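Undergrad: only geometry, no sequence info:
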């Protein structure tokens with residue numbers, strides 16, 4: 001199973017919250033609005049800031065904001081910021097550790113093809129795509145009725 005870490009999942013939640021409300025956010029306000037503990041939010045914001053996805057602001061009105069529009073922040077960028085380069089197997093990772101049979105393995109080219117497809121799919125999904133619809137939904141949306149424009 002390919003699985004992202006809980007921290008990366010939390011990072012998507014925090015960044016989505018930041019994208020929905022394009023203001024400067026404090027760690028405590030993000031913790032309160034997402035239900036993620038403040039120490040975890042603070043831990044997440046460090047690598048996200050280092051990756052350029054989040055900007056930190058000092059001063060009385062300081063905090064954190066998205067560096068880019070939600071439409072420009074990809075899930076691939078978030079995963080890379082928290083977990084490093086996307087790789088479905090060790091032989092397609094950028095790590096220095098090599099597989100013991102890498103020279104003889106006929107599968108490497110195939111894994112690279114799969115890895116590119118997974119990375120491309122994650123690059124096509126943005127924070128804007130991940131954001132839930134605004135709540136509460138209009139009654140027509142709940143019943144499936146179409147509304148006139």
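TA: Perfect, I can see it now. The model shown is predicted, which means the values in this text are computed figures rather than measured ones. Numbering: from 1, shown residues only.
Undergrad: Distance-wise, check the residue positioned nearest the centre of the chain relative to residue 3.
TA: Centroid-nearest residue in the chain, with Cα atoms, centre = their mean: residue 78, separated by 3.5 Å. Here the criterion is Cβ to Cβ, to the nearest Å. By it, residue 78 lies 15 Å from residue 3. All C-beta spots, glycine's among them, are computed from the backbone N, C-alpha and C.
Undergrad: Settle this for me: residue 122 is touching residue 83, isn't it.
TA: No: Residue 122 is not in contact with residue 83 according to Cβ atoms under 8 Å; the separation is 11.4 Å.
Undergrad: next one: the longest helix along the chain to chain centre, how far?
TA: Criterion DSSP state H: the longest helix present in the chain is helix 108-124. Between the centre of helix 108-124 and the centre of its chain there are 18 Å (Cα atoms, centre = their mean, to the nearest Å).
Undergrad: Show me which positions of it end up buried.
TA: 108, 111, 115, 118-119, 122 (16 or more other Cβ atoms under 10 Å).
Undergrad: just checking, next helix/strand downstream of it?
TA: Per DSSP states H and E, the first helix or strand lying C-terminal to helix 108-124 is helix 127-130.
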